[in-house]
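[1] Predicted structure and sequence below. I'll ask about it afterward.
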Amino acid sequence: MPMPIRVKLFGDLRKKLQQKISGGAPLILQLNDTKVKTVADLLEVLGILGSEISHIFVNGKYSGFRKTVKDSDTIALFPKNMGLLYKWYFDRDENG
């Protein structure tokens with residue numbers, strides 16, 4: 001049986017979905033959606049624009065919109081107002 005994708009939303013992204021789902025900080029969602037193949041697909045399902053995102057982590061690794069996601073992965077999404085300096089110090093994983 002497939003394990004759900006775990007999504008952690010921080011800051012303004014949490015507030016955006018709080019009307020739909022309540023929870024602690026960060027907001028943690030469990031998602032069972034077979035249409036989600038990449039981070040970009042996940043954003044579309046959640047109704048979040050790429051322009052609202054500052055940083056993405058998949059299983060703790062700094063990632064990009066094209067990063068593939070699979071069952072049991074954990075994706076953390078940070079909004080623009082919580083931007084960090086990762087892009088200057090770490091390589092972004094866009095594949096696999």
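    Nice, I can see it.
[2] What are the buried residues along stretch 37-49?
    Neighbour-count burial for stretch 37-49 flags 38, 39, 42, 43, 46, 48 (criterion: 16 or more other C-beta atoms under 10 Å). To be clear about C-beta, it is placed using only N, CA and C from the backbone, and glycine gets the same treatment.
[3] Contact partners for the closest residue to residue 36 other than its chain neighbours?
    Counting by C-beta to C-beta, 6 or more residues apart in numbering, residue 36 lies nearest to residue 42, which is 5.0 Å off, once chain neighbours are set aside. Listed by C-beta atoms under 8 Å, 6 or more residues apart in numbering, the contact set of residue 42 reads 5, 7, 31, 36, 69, 75.
[4] Rank those residues by pLDDT and give me only the lowest.
    Lowest-confidence member of the contacts of residue 42: residue 31, scoring 86 (pLDDT).
[5] contacting residues for that one?
    4, 5, 6, 7, 42, 45.
[6] Could you confirm residue 40 falls within a strand?
    No. Assignment of residue 40 by DSSP: H, G, I helix; E, B strand; the rest coil gives helix, placing it outside any strand.
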